[in-house]
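Chemist: build me a structure from this.
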Amino acid sequence: MADHIQSVSPAAVRLTRYTEVERREILGDRTDSFRVAYTGFTWLPKEHHFGVRPGGRLVAHAGLLRLPASIGGAGIEVVGVGGVAVAPDVRGHGLATGRRGGPAAGG
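Modeler: Numbering: from 1, shown residues only. Coordinates of the predicted model:
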């Protein structure tokens, strides 16, 4: 388990912003963290941002975006989840599940 992760699952917190500064705090200086630059994809900006900050360091992010949709001719609003990022050194440590230790620890 990473030394800087607390033994109690950290809570998700609402972030007031998610900019390049926050992205770099999570993923470092990599310019193509998701290895999709060659596709020409562009990402829609998210409206609401949530993060996980154990010990003050931002280690994870997820954003929400409301979008219009139509089902059988009826207009509805759906919510998309995107911008999901987890720092490489804490992946597999149960941030989203509440379990700690990752797969190798059996729990």
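Chemist: now the phi/psi pair for the residue lying farthest from the centre of the chain, please.
Modeler: Distance from the C-alpha centroid of the chain, by Cα atoms, centre = their mean, peaks at G73 (32.9 Å). Phi and psi for G73, reported as degrees, to the nearest 10, are phi 90, psi -10.
Chemist: relative to E47, how far out is it?
Modeler: 26 Å (Cβ to Cβ, to the nearest Å). Every C-beta, even on glycine, is put in place using the N, C-alpha and C of the backbone.
Chemist: any chance you could map the strands in this structure?
Modeler: All strands of the chain, identified by DSSP state E, fall at 12-15, 48-52, 60-71, 74-86.
Chemist: and the last one, average pLDDT?
Modeler: Confidence over strand 74-86 (mean pLDDT, whole number) is 94.
Chemist: show me what it pairs with in its sheet, parallel or antiparallel.
Modeler: Counting by DSSP bridges, the strands paired with strand 74-86 are strand 60-71 (antiparallel).
Chemist: sorry, back to before: which stretch among the strands of the chain comes nearest V36?
Modeler: For those, the distance to V36 is smallest for strand 74-86, at 12.7 Å, taking Cβ to Cβ.
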